[in-house]
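Novice: Sequence and predicted structure are below.
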Amino acid sequence: MDRLKKKFEQKSSKLKKEVKALRKEHGAQVVADVNIAQIIGGMRGIKSMLWETSELDANKGITFRGKSIPELKKILPRKKDGGKEPLPEGLFWMMLVDELPKRADVDWLSKEWYKRSKLPQVTLDTMASLPTSTHPMTQFIIGINSMQSTSVFAKRYAEGMSKDDYWDATYEDSMNLIARLPRLAAYIYRKVYHKGVHIAPMANLDWAGNFAHMLGINNDEDFKSLMRLYLTIHADHEGGNASAHTAHLVNSTLADVYLSFGGAMASLAGPLHGLANQEVIKWIMEMTHKLKTTTPSDAQVKKYINDTLKAGKVIPGYGHAVLREPDPRFTAQRVFAEDYIKDDDYVKIVWQLFKVVPPILGALGKVKNPWPNVDAHSGAILVHYGLKEYTFYTVLFGVSRALGVLAASCWSRALGLPLERPKSVNSEWLKAQVKAKKR
Ligand code: HAX
């Protein structure tokens, strides 16, 4: 058994006993209420899921195992040769076993993922058969689903695996899938935008560094640093966000993680969720094109925002279902941009929008959070490094999101969480509740 799996077995078997006792001894204790607005309004804030890896606070933003992004930047191991950004391997380790890894642990994990990263032939054949015009997110989902025939969980389940071993098979599938995702994503990128000229991975690189290398972006060390940061901060946003929740639901049926993570990526591909990262830069580029300048005035930007709203559209990259302050993931990217590329025109537009958009959205009186979210910043930085093909951006997000949702899937199977099945009601039932209350 490998060192991470062994640690996970120790930790999860202990928590499994505690959670079982909680349910048995205190299962009837009421801990939350639900109102009609929440039922009609997309279940906002209803506490109804167990999720160990991260937590989202409306004002403070995301914490992973209790640590904020600035804290993680200080404590997570970095690349040996002095890169400034944390390695996503370290975050996965933390989410999985709730312990800060040592450098030797992340080095081991980089090597382990490299060893597991080869794409199955069926995936290469499937990907080769897709037209390049297919959206990269659709290709990504098809590629993930095509690997399902290699699922350790599905094979062992068919052979009669005991419930006690579900976590073990889920761990193996999760490690294999995470290892392969950068290769799948880079394959799609090079196929669609670089005439199918692919770049082989390098055994001595870390997971994110290798991804940057395989994308072939200027072979720039700073771009590798960006990918390390990017793939760390997009990894998890507690369990209720659409992609994580989809993975949790699908995996609760004991569909393996190739199926559940494919479902998660279908959720991420919607413009209110992960696709917002492509929408933001597309919207900014349309503005600069329309105004024929990459240095617009505040008045020009205000007019463009108001025209967007008047056309009945949302301002992409702004607002959030939970957050009520600027997203710390936006701030982390802002810090990166200030450090590396502060004179870039698109980066400056992102900062200008940060000043101009919130008062306009606030004045509408209905937007609960006028502040930027994670997707408001990423595009401008990627464009700077030459990754201009924005239809690919949500795939980058998806590669990172695997770390959180797959660590969480390991926990769900280890804790023996059951099939998810909330209760739905119809509008007649809601009206009856109102009538009964009046009486
Ligand atoms: N621009 C214009 N209107 C907005 C808005 C925005 N950025 N954000 C919210 N609103 C509107 C809503 O459309 C809603 O209008 P109606 O009542 O007319 O339907 C009203 O304000 C209330 O919405 P809310 O309660 O503040 O927000 P929700 O929780 O319903 O929705 C969204 C949260 C993220 C979907 C929303 O803010 C939005 O559409 N933002 C733009 C798209 C975006 O950036 N998505 C990425 C979110 C982060 C993420 O998941 N990344 O992957």
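Specialist: Now that the structure is in, tell me what you want to look at.
Novice: Now do residue 132: how many residues are near it, please.
Specialist: Residues lying near residue 132 (other Cβ atoms under 10 Å) number 12. Glycine gets a C-beta too; all of them are placed from N, C-alpha and C.
Novice: Specify the local secondary structure of it.
Specialist: Counting by DSSP: H, G, I helix; E, B strand; the rest coil, the backbone at residue 132 sits in coil.
Novice: And the pLDDT for the closest residue to the ligand within the chain?
Specialist: Closest to the ligand within the chain is residue 319: 2.1 Å, counting by Cβ to the nearest ligand atom. At residue 319, the model reports a pLDDT of 98.
Novice: Correct me if wrong: it contacts residue 361.
Specialist: Yes. At 7.1 Å, residue 319 and residue 361 qualify as touching, with contact defined as Cβ atoms under 8 Å.
Novice: hey, what's in contact with both of those two?
Specialist: 367, 370 (Cβ atoms under 8 Å, 6 or more residues apart in numbering).
Novice: and the closest residue to residue 134 other than its chain neighbours, how many neighbours does it have?
Specialist: Leaving aside its sequence neighbours, residue 134 sits nearest to residue 142 (Cβ to Cβ, 6 or more residues apart in numbering; 7.9 Å). Number of residues near residue 142 (other Cβ under 10 Å) recorded here: 19.
Novice: who are the neighbours in contact with residue 142?
Specialist: Per Cβ under 8 Å, 6+ apart, neighbours of residue 142: 126-127, 130, 134.
Novice: ok, which of those also contact the ligand?
Specialist: By Cβ under 6 Å from any ligand atom, no member of these lies near the ligand.
Novice: Using PyMOL, make a named selection holding only the buried ones among those.
Specialist: Applying 16 or more other Cβ atoms under 10 Å to the contacts of residue 142, the buried members can be selected in PyMOL as follows:
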select buried, resi 126+127
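Novice: so where's this structure shaky on pLDDT?
Specialist: Residue ranges of the chain with pLDDT under 70: 82, 219.
Novice: So which bits of it are right by the ligand?
Specialist: Counting by Cβ under 6 Å from any ligand atom, the chain sits next to the ligand at 272-274, 276, 314-321, 361, 366-369, 373-375.
Novice: Kindly indicate whether residue 63 is helix, strand or coil.
Specialist: Relying on three-state DSSP, one would call residue 63 strand.
Novice: I'd assumed residue 54 was in contact with it.
Specialist: Yes. Between residue 63 and residue 54 there is a contact at 6.5 Å, judged by Cβ under 8 Å.
Novice: Among the two, which residue is more densely surrounded?
Specialist: Using other Cβ under 10 Å, the more surrounded residue of residue 63 and residue 54 is residue 54, with 23 against 17.
Novice: what sits against the more buried one?
Specialist: 62-65, 95, 235-238, 404.
Novice: Also residue 174?
Specialist: 257, 406-407, 409-410.
Novice: what do you get for residue 282?
Specialist: residue 390.
Novice: Please, which helix or strand holds it?
Specialist: Following DSSP states H and E, the helix or strand that holds residue 282 is helix 276-291.
Novice: Now the next helix or strand after that helix: buried residues?
Specialist: Per DSSP H and E, the first helix or strand lying C-terminal to helix 276-291 is helix 298-310. Buried residues in helix 298-310, counted by 16+ other Cβ under 10 Å: 300-301, 304-305, 308.
Novice: With just CA atoms, put helix 298-310 into CSV.
Specialist: Output in CSV follows, covering the C-alpha atoms of helix 298-310 (Å, rounded to 0.1, in the frame of the first residue of the first chain):
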residue,chain,number,x,y,z
ASP,A,298,-13.9,54.7,-16.8
ALA,A,299,-16.8,56.4,-18.6
GLN,A,300,-16.4,54.0,-21.6
VAL,A,301,-16.3,51.0,-19.4
LYS,A,302,-19.4,52.1,-17.4
LYS,A,303,-21.4,52.5,-20.6
TYR,A,304,-20.3,49.1,-21.8
ILE,A,305,-21.4,47.5,-18.5
ASN,A,306,-24.8,49.3,-18.6
ASP,A,307,-25.3,48.3,-22.2
THR,A,308,-24.6,44.6,-21.2
LEU,A,309,-27.2,44.9,-18.4
LYS,A,310,-29.7,46.6,-20.6
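Novice: between it and helix 276-291, how big is the angle?
Specialist: 120 degrees (axes from the mean of the first three to the mean of the last three Cα atoms, to 10 degrees).
Novice: Packing partners of helix 298-310?
Specialist: If you count contacts as 3 or more Cβ pairs under 8 Å, 6 or more residues apart in numbering; DSSP states H and E, helix 298-310 packs onto helix 276-291, helix 345-364.
Novice: what does it contact?
Specialist: The contact list for helix 298-310 (Cβ under 8 Å, 6+ apart) reads 283, 287, 290-291, 293, 296, 314-315, 349, 352-353, 355-357, 360, 364.
Novice: if we can go back for a sec, and the buried residues of helix 298-310 as a markdown table, adding distance to residue 416?
Specialist: Shown next, in a markdown table, are the buried residues of helix 298-310 (distance: Cβ to Cβ, whole Å):
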| residue | distance to residue 416 |
| --- | --- |
| 300 | 57 |
| 301 | 53 |
| 304 | 52 |
| 305 | 49 |
| 308 | 48 |
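Novice: ok, so what distance separates the nearest residue to residue 42 once chain neighbours are set aside from residue 360?
Specialist: Excluding the flanking residues, the one nearest residue 42 by Cβ to Cβ, 6+ apart is residue 321, at 7.2 Å. Between residue 321 and residue 360 the computed distance is 20 Å (Cβ to Cβ, to the nearest Å).
Novice: cool, residue 347 as well?
Specialist: Counting by Cβ to Cβ - residue 347 and residue 360 are separated by 21 Å.
Novice: So between the two, which is more surrounded?
Specialist: residue 347 (22 against 18).
Novice: For that one, list the residues it contacts.
Specialist: Counting by Cβ under 8 Å, 6+ apart, residue 347 touches 337, 341, 380-381, 384.
Novice: Out of the contacts of residue 54, the closest to residue 85 would be?
Specialist: Set against residue 85, the nearest of those by Cβ to Cβ is residue 235 (13.4 Å).
Novice: in what helix or strand does the spatially closest residue to the closest one that is not a sequence neighbour lie?
Specialist: Leaving aside its sequence neighbours, residue 235 sits nearest to residue 403 (Cβ to Cβ, 6+ apart; 4.0 Å). Per DSSP H and E: residue 403 is located in helix 393-414.
Novice: Return the set of buried residues in that helix.
Specialist: Residues 393-414 are the ones in helix 393-414 that count as buried (16+ other Cβ under 10 Å).
Novice: and what of stretch 48-68?
Specialist: Applying a neighbour-count criterion of 16+ other Cβ under 10 Å, one finds 49, 51-56, 61-65, 67-68 buried in stretch 48-68.
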